[in-house]
Every structure is written in structure tokens, then in C-alpha cells.
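> mind looking at a prediction? Sequence and model below.
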Amino acid sequence: MDDIRLRPATPADDEFLYDLHRRSLGDVIEATWGPWDDAVQRRFHQAWFHPETIEIVLVGGERAGMVQAAAATADTFYISRLEIAPEVQGRGVGTALLHLLMDRARQAGASVVELHVLGLNRARELYERLGFQVIAEEPPKLRMRRGGL
């Protein structure tokens, strides 16, 4: 997929990011913790929404996802969050974005990329296909790692 770009998030992206979270992970959140609780999810959103740490994924110039990722240690790059809108899932956006992030990790001198994924999240299949392996079970999440960058 050639038409993917990242741009820094701004405060104006706040509602887009909340809606993206619900649309991209709502079913997994409900399967893991029970019915969607808007008040709880709004508090969660406000706790992590720091535009300076978020990048908006653009596909064809339109907002289609988000990512939070940065060097965690000298040799480890950590993907905190990666969410892709359902309407662009299955089109190579996640794969292209992960390759971009792994390139960034290499450029930062990291030899390892790590992330957490909810055990019920179908994104796990994508991560495994790209060489990530489960290194720890931290219910309801799995910690995954890919080395050999």
C-alpha cells in the first residue's frame, strides 16, 4: 500500500480517536470485559490522549487509524497502540504501517520491537504473520516481540 502517511495528532483529532477506538476495538473490548461502558471508555481515552505522542494514519489523505510508538530502551522499540479503522482493515494498511514502524525502530538503533495485544484481538494473526512471537501471557493481553530487525 503506497498511499499511507503519518501526521502528528492535534487536539482536533480527539473525537476521531475516541470513535476509532470504539469502531476498531469495541467488539474485542466487549468480549474481554463485557458491554461497552461509555463513561469508563471516555475516562480511559482522556487518560491516554496526549496528542504529542500520537500519530494519525492517513490513507489517501483521509484519517484511517492511529499509532503510538517510540523507543522504550536503547534496543527496544515499543508500539503502545495501533488502531486501524474497520473500513480499511484487510487492505494492507496494518502490514505497511508495521513495516514503517520496524524501519523506524532500526533507524533508532533498536534490535527488537514489542507490543501488547488483547488475546481476542484478530490483529494477533497479523503480528504473527510478520514474525512477532508471544513472549508472555499477561491476561487479558499477550506481550509479543519481534527481533532480528
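Cool, the structure landed. Residues are numbered from 1 along each chain as shown.

> just the strands from the protein, written as ranges.
Ranges of strands in the chain, per DSSP state E, are 4-8, 55-59, 62-71, 76-84, 112-118, 133-138, 141-146.

> for the third one, which strands pair with it and how are they oriented?
For strand 62-71, the paired strands and their directions (DSSP bridges) are strand 55-59 (antiparallel), strand 76-84 (antiparallel).

> show me the contact partners of the shortest one.
This means strand 55-59. Residues outside strand 55-59 that contact it (C-beta atoms under 8 Å, 6 or more residues apart in numbering): 1, 3-9, 13, 16, 63-68, 84, 88, 93, 97. No exception for glycine: its C-beta is placed from N, CA and C like everyone else's.

> go ahead and build a ChimeraX selection from the buried members of those.
Buried residues within these, by 16 or more other C-beta atoms under 10 Å, are selected in ChimeraX with:
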select :4,6,9,13,63,64,65,66,67,68,84,88,93,97
